[in-house]
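**Student:** Based on what follows, work out the 3D shape:
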Amino acid sequence: MDAFEKANPDITVEHHSMRAADVRGKYLLEDAAGGQSADIRINSAMDLQRKLANDGHARMFRPTTANMGSWNNRAFAVAVEPIVIG
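**Tutor:** Below is the predicted model of the structure:
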């Protein structure tokens with residue numbers, strides 16, 4: 001984040017480490033109050049992010065490069081996590 005802020009001094013970056021359900025809850029409270037909210041939310045609970053997108057809380061975005069996965073061009077995978085089922 002430091003390198004990004006240095007290269008983009010007009011953009012402020014805030015990082016909040018929160019539980020997945022709290023990320024969604026914080027956004028919904030801010031939205032209901034008509035306040036400013038995050039431009040980007042990264043959340044490990046894709047089901048909660050998908051619900052926000054389906055309920056109209058996400059802007060459409062069409063990437064110009066290949067992406068790993070998206071939900072209706074409103075929620076995007078930014079990482080791939082390995083899983084082992086045994």
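**Student:** Parallel or antiparallel, which strands does the one helix or strand in the chain whose mean pLDDT sits lowest pair with?
**Tutor:** None of the helices or strands of the chain scores lower by mean pLDDT, DSSP states H and E than strand 70-71, at a mean of 80. Note on strand 70-71: by DSSP bridges, its sheet partners are strand 75-76 (antiparallel).
**Student:** neighbouring contacts of the partner strand?
**Tutor:** Contact partners of strand 75-76, identified using Cβ atoms under 8 Å, 6 or more residues apart in numbering, comprise 46, 49-50, 52-53, 58, 61, 63, 67-70. C-beta coordinates here come from the backbone N, C-alpha and C atoms, glycine included.
**Student:** at 6 Å what do you get?
**Tutor:** Here strand 75-76 makes contact (Cβ atoms under 6 Å, 6 or more residues apart in numbering) with 49-50, 53, 67, 70.
**Student:** Nearest to residue 34 among these?
**Tutor:** Closest to residue 34 out of these is residue 53 (20.3 Å), distances taken as Cβ to Cβ.
**Student:** State the distance from the closest one to residue 79.
**Tutor:** For residue 53, the distance to residue 79 equals 18 Å [Cβ to Cβ, to the nearest Å].
**Student:** Which one's more surrounded, the two?
**Tutor:** Comparing residue 53 with residue 79 by other Cβ atoms under 10 Å, the one with more neighbours is residue 53, at 20 against 7.
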